[in-house]
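K.L.:
predicted model and sequence below, questions to follow.
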Amino acid sequence: MVKTLSSLLLCLLVPACSALTLPEAARQQVGVTVEYDPAYVSLDYPGGDVPQDRGVCTDVVIRALRLLHLDLQQAVHEDMKAHFSAYPQLWGLKSPDKNIDHRRVPNLQTYFTRRGWKLPVSKNPADYRPGDLVTCIVAGKLPHIMVVSDRRAEDGTPLIIHNIGSGTQEEDCLFAFPLTGHYRPAL
């Protein structure tokens, strides 16, 4: 079982953790989460996490929201237990799996929609606010999720914070891939 105290330690080191914005919480992973690692890992529950130095795109969102007092592992698991048939049946599971369900983009899309966070997808940069969550398809088939930053590119397009293969990065690629979802967390 893997469990880190990194989120708790960050809260002890960062004054007023609850005052963090989602982009600030996500940005704390830049330079810390340096590997892309999609391995299935058995996690403690609730509050389980893969080692802080690794993860995938969903782990950026999971860790950032956990700093804002929303444990996606627990929230998605509980919603899937109660409404399993509402979630994508892409992995051949017969019941929820607390170790991986929250780390899958299609499950997060379903959970966010069920929470009422879904917004229209557009190509207008002004429609995307800091802290919004955006999903897309990479390489024509790989679901991906990104956090909209509070920083902007020279042309005014919001930067995004994500892990697309080289660890957590903040960069200008909001519209680099076909967008599939836009969500505004109500925290």
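P.N.:
Received, thanks. Residues are numbered from 1 along each chain as shown.

K.L.:
quick one, what contacts the closest residue to P106 other than its chain neighbours?
P.N.:
Counting by C-beta to C-beta, 6 or more residues apart in numbering, P106 lies nearest to P88, which is 4.3 Å off, once chain neighbours are set aside. For the C-beta atoms, the positions are set from N, CA and C on the backbone; glycine is no exception. P88 makes contacts with P106, N107, T110, as judged by C-beta atoms under 8 Å, 6 or more residues apart in numbering.

K.L.:
burial of the second one, as a residue count?
P.N.:
Other residues near N107 number 24, with proximity taken as other C-beta atoms under 10 Å.

K.L.:
before we move on, which element is it in?
P.N.:
Taking DSSP states H and E as the definition, one finds N107 inside helix 105-114.

K.L.:
now for that helix, which elements pack on it?
P.N.:
In terms of contacts (3 or more C-beta pairs under 8 Å, 6 or more residues apart in numbering; DSSP states H and E), helix 105-114 is packed against helix 57-67, helix 72-82, strand 133-138, strand 142-152, strand 179-183.

K.L.:
got the angle for the second one vs helix 105-114?
P.N.:
Right, helix 72-82. For helix 72-82 against helix 105-114, the angle by axes from the mean of the first three to the mean of the last three C-alpha atoms, to 10 degrees is 80 degrees.

K.L.:
re the thing from before, and the helices and strands packed on helix 105-114, which is most packed in?
P.N.:
Of all the helices and strands packed on helix 105-114, helix 57-67 has the most neighbours on average by mean count of other C-beta atoms under 10 Å, namely a mean of 25.

K.L.:
and the angle for it with helix 72-82?
P.N.:
Put simply, helix 57-67 runs at 100 degrees to helix 72-82, going by the same axes, to 10 degrees.

K.L.:
contacts for helix 57-67 next, please.
P.N.:
By C-beta under 8 Å, 6+ apart, helix 57-67 touches 6-7, 10-11, 17, 20, 22, 25-26, 28-29, 33, 47, 49-50, 52, 55, 71-73, 102-105, 108, 133, 144-147, 161-164, 168, 185, 187.

K.L.:
buried only: go through these for me.
P.N.:
Buried subset of the contacts of helix 57-67 (neighbour count, 16 or more other C-beta atoms under 10 Å): 6-7, 10-11, 17, 20, 22, 25-26, 28-29, 33, 49-50, 52, 55, 71-73, 102-105, 108, 133, 144-147, 161-164, 168, 185.

K.L.:
what residue ranges in this structure score low on pLDDT?
P.N.:
Scanning the chain for pLDDT under 70 picks out 1-18.

K.L.:
so for it, the centremost residue is which one?
P.N.:
For the chain, V61 is the residue whose C-alpha lies nearest the centre (C-alpha atoms, centre = their mean; 2.3 Å).

K.L.:
no further questions, thank you.
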